[in-house]
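In: any chance you could fold what I've pasted below:
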Amino acid sequence: MVRIDPPPPRRSVRPVFHTLPAGTRLLRIYDPGEWNNTAHTFRRTGGPRLRFDHHLGHEEQSRGIHYSALTLEGCVVEVFGDDGMICAGRRRLGSLLLKRKLRLLDLRGEGAWRAGATAAICSSTLHSESQPWARYFYESDAHLDGLLYPNAH
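Out: Numbering: from 1, shown residues only. All right, here's what the predicted structure looks like:
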(Lines give C-alpha, C1' and ligand atoms only; values in the text may rest on other atoms or scores of the structure.)
Protein backbone atom coordinates (compact mmCIF):
# COMPACT_ATOMS: atom_id res chain seq x y z
CA MET A 1 0.00 0.00 0.00
CA VAL A 2 1.34 3.43 -0.94
CA ARG A 3 1.63 5.88 1.91
CA ILE A 4 -0.20 9.14 1.30
CA ASP A 5 1.39 11.93 3.29
CA PRO A 6 -0.83 14.90 4.12
CA PRO A 7 -0.18 18.27 2.49
CA PRO A 8 1.71 20.50 2.16
CA PRO A 9 4.24 18.80 -0.11
CA ARG A 10 7.72 18.19 1.26
CA ARG A 11 9.39 18.87 -2.07
CA SER A 12 9.27 21.56 -4.72
CA VAL A 13 6.35 21.22 -7.08
CA ARG A 14 5.82 21.85 -10.78
CA PRO A 15 2.09 21.27 -11.31
CA VAL A 16 0.67 20.32 -14.68
CA PHE A 17 -2.48 22.11 -15.82
CA HIS A 18 -4.99 21.14 -18.47
CA THR A 19 -7.47 23.53 -20.05
CA LEU A 20 -10.91 22.36 -21.11
CA PRO A 21 -12.10 24.78 -23.78
CA ALA A 22 -15.47 26.51 -23.79
CA GLY A 23 -17.93 24.30 -25.62
CA THR A 24 -16.66 21.07 -24.04
CA ARG A 25 -19.48 18.71 -23.08
CA LEU A 26 -19.29 17.08 -19.64
CA LEU A 27 -21.43 14.16 -18.50
CA ARG A 28 -22.70 13.31 -15.07
CA ILE A 29 -24.67 10.49 -13.48
CA TYR A 30 -26.52 11.88 -10.49
CA ASP A 31 -29.35 11.14 -8.08
CA PRO A 32 -31.86 14.03 -8.07
CA GLY A 33 -33.01 12.95 -4.60
CA GLU A 34 -29.63 13.75 -3.05
CA TRP A 35 -29.06 17.43 -2.20
CA ASN A 36 -31.47 18.50 -5.00
CA ASN A 37 -28.91 17.45 -7.62
CA THR A 38 -29.26 18.31 -11.28
CA ALA A 39 -26.83 17.96 -14.15
CA HIS A 40 -25.57 21.46 -13.34
CA THR A 41 -25.56 21.75 -9.54
CA PHE A 42 -22.63 21.97 -7.18
CA ARG A 43 -23.00 20.26 -3.80
CA ARG A 44 -22.32 22.71 -0.98
CA THR A 45 -23.54 20.62 1.98
CA GLY A 46 -23.10 17.10 3.27
CA GLY A 47 -19.36 16.98 2.80
CA PRO A 48 -16.64 16.12 2.92
CA ARG A 49 -17.88 12.76 1.72
CA LEU A 50 -16.37 11.78 -1.64
CA ARG A 51 -12.80 11.50 -2.96
CA PHE A 52 -11.96 15.13 -3.72
CA ASP A 53 -14.54 16.96 -1.59
CA HIS A 54 -12.83 20.11 -0.35
CA HIS A 55 -15.58 21.16 2.06
CA LEU A 56 -14.62 22.41 5.50
CA GLY A 57 -17.58 20.76 7.24
CA HIS A 58 -21.14 19.52 6.79
CA GLU A 59 -22.87 22.92 6.91
CA GLU A 60 -23.69 24.90 3.77
CA GLN A 61 -20.74 26.90 2.50
CA SER A 62 -19.29 28.71 -0.47
CA ARG A 63 -17.18 25.70 -1.48
CA GLY A 64 -19.11 23.60 -3.96
CA ILE A 65 -18.15 20.33 -5.66
CA HIS A 66 -19.31 18.94 -8.99
CA TYR A 67 -18.17 15.54 -10.26
CA SER A 68 -18.47 14.92 -13.99
CA ALA A 69 -16.56 13.16 -16.76
CA LEU A 70 -15.64 13.64 -20.39
CA THR A 71 -17.08 10.25 -21.39
CA LEU A 72 -20.05 8.07 -20.51
CA GLU A 73 -17.62 5.26 -19.68
CA GLY A 74 -15.91 7.53 -17.16
CA CYS A 75 -19.23 8.28 -15.45
CA VAL A 76 -20.32 4.64 -15.34
CA VAL A 77 -17.08 3.30 -13.87
CA GLU A 78 -16.90 6.02 -11.21
CA VAL A 79 -20.52 5.65 -10.11
CA PHE A 80 -20.95 1.88 -10.38
CA GLY A 81 -17.36 0.55 -10.34
CA ASP A 82 -17.25 -0.37 -6.65
CA ASP A 83 -20.37 -2.53 -6.98
CA GLY A 84 -19.43 -4.15 -10.28
CA MET A 85 -23.10 -3.94 -11.29
CA ILE A 86 -25.19 -1.17 -12.76
CA CYS A 87 -28.30 -0.51 -10.69
CA ALA A 88 -29.48 2.90 -11.83
CA GLY A 89 -32.32 3.35 -9.35
CA ARG A 90 -33.29 7.04 -9.42
CA ARG A 91 -30.05 8.11 -11.07
CA ARG A 92 -30.10 10.13 -14.25
CA LEU A 93 -27.58 10.98 -16.93
CA GLY A 94 -27.08 14.68 -17.45
CA SER A 95 -24.81 16.78 -19.60
CA LEU A 96 -23.58 20.31 -19.53
CA LEU A 97 -21.77 22.47 -22.03
CA LEU A 98 -18.99 24.69 -20.71
CA LYS A 99 -19.64 28.39 -21.26
CA ARG A 100 -16.02 29.25 -20.52
CA LYS A 101 -12.72 27.44 -20.44
CA LEU A 102 -11.74 25.62 -17.25
CA ARG A 103 -8.22 25.49 -15.82
CA LEU A 104 -7.77 22.09 -14.18
CA LEU A 105 -4.92 20.68 -12.13
CA ASP A 106 -3.96 17.53 -14.03
CA LEU A 107 -3.41 14.60 -11.67
CA ARG A 108 -3.12 11.99 -14.43
CA GLY A 109 0.16 10.20 -15.11
CA GLU A 110 2.93 12.00 -13.25
CA GLY A 111 0.62 14.95 -12.55
CA ALA A 112 -0.15 14.05 -8.93
CA TRP A 113 3.58 13.69 -8.19
CA ARG A 114 4.36 17.02 -9.86
CA ALA A 115 1.61 18.64 -7.75
CA GLY A 116 3.29 17.37 -4.58
CA ALA A 117 1.17 14.29 -3.87
CA THR A 118 1.21 10.71 -5.15
CA ALA A 119 -1.02 9.04 -7.73
CA ALA A 120 -2.57 7.06 -4.87
CA ILE A 121 -4.78 10.05 -3.99
CA CYS A 122 -6.75 9.26 -7.15
CA SER A 123 -7.52 5.67 -6.18
CA SER A 124 -7.31 5.34 -2.40
CA THR A 125 -10.49 4.07 -0.79
CA LEU A 126 -9.67 6.22 2.24
CA HIS A 127 -11.14 9.54 1.18
CA SER A 128 -9.79 11.04 4.40
CA GLU A 129 -6.39 10.84 2.66
CA SER A 130 -7.40 12.54 -0.60
CA GLN A 131 -9.69 15.23 0.84
CA PRO A 132 -6.88 17.18 2.58
CA TRP A 133 -5.14 17.34 -0.81
CA ALA A 134 -8.33 18.65 -2.42
CA ARG A 135 -8.49 21.40 0.22
CA TYR A 136 -4.77 22.15 -0.24
CA PHE A 137 -5.12 22.45 -4.04
CA TYR A 138 -8.22 24.65 -3.65
CA GLU A 139 -6.54 26.95 -1.14
CA SER A 140 -3.21 27.14 -3.01
CA ASP A 141 -4.40 28.41 -6.39
CA ALA A 142 -7.16 31.01 -6.65
CA HIS A 143 -7.31 30.52 -10.44
CA LEU A 144 -7.90 26.77 -10.29
CA ASP A 145 -11.32 25.61 -11.51
CA GLY A 146 -10.97 21.95 -10.59
CA LEU A 147 -9.10 18.67 -10.83
CA LEU A 148 -8.62 16.28 -13.74
CA TYR A 149 -7.87 12.78 -12.50
CA PRO A 150 -8.00 9.19 -13.74
CA ASN A 151 -10.80 6.81 -12.81
CA ALA A 152 -10.13 4.89 -9.62
CA HIS A 153 -11.17 1.58 -11.24
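In: and stretch 86-105, end to end?
Out: Terminal residues of stretch 86-105 are spaced 30 Å apart (CA to CA, to the nearest Å).
In: again, but for stretch 146-153
Out: Note: stretch 146-153 ends 20 Å apart using CA to CA.
In: now it: buried residues?
Out: Across stretch 146-153, burial judged by 16 or more other CB atoms under 10 Å covers Gly146, Leu147, Leu148, Tyr149. In this view, the C-beta of every residue, glycine as well, is placed from N, C-alpha and C.
In: mind checking pLDDT for the spatially most central residue of the chain?
Out: In the chain, the centroid-proximal residue (CA atoms, centre = their mean) is Phe52; its distance is 4.7 Å. We have a pLDDT of 86 for Phe52.
In: chain neighbours aside, what residue packs nearest to it?
Out: Nearest residue to Phe52, sequence neighbours excluded (CB to CB, 6 or more residues apart in numbering): Ala134, at 4.1 Å.
In: right, and that neighbour touches His54 too?
Out: Yes. Contact criterion CB atoms under 8 Å: Ala134 and His54 qualify, at 4.1 Å.
In: quick one, which of the two is more surrounded?
Out: Taking other CB atoms under 10 Å, Ala134 and His54 do not tie; Ala134 has more neighbours (25 against 21).
In: give me the three-state assignment for that one.
Out: Look at Ala134: counting by DSSP: H, G, I helix; E, B strand; the rest coil, its state is helix.
In: touching stretch 83-99 from outside, list them.
Out: By CB atoms under 8 Å, 6 or more residues apart in numbering, the residues outside stretch 83-99 that reach it are 20-33, 38-40, 68, 72, 75-76, 79-80.
In: out of the residues you listed, which are buried?
Out: Leu20, Leu26, Leu27, Arg28, Ile29, Tyr30, Ala39, Ser68, Cys75, Val76, Val79, Phe80.
In: which of those residues fall in helices?
Out: Cys75, Val76, Val79, Phe80 (DSSP state H).
In: these two touch, right, Pro32 and His40?
Out: No. Between Pro32 and His40 there is no contact under CB under 8 Å: 11.8 Å.
In: pretty sure Leu147 sits in a strand.
Out: Yes. The assignment for Leu147 by three-state DSSP puts it in a strand.
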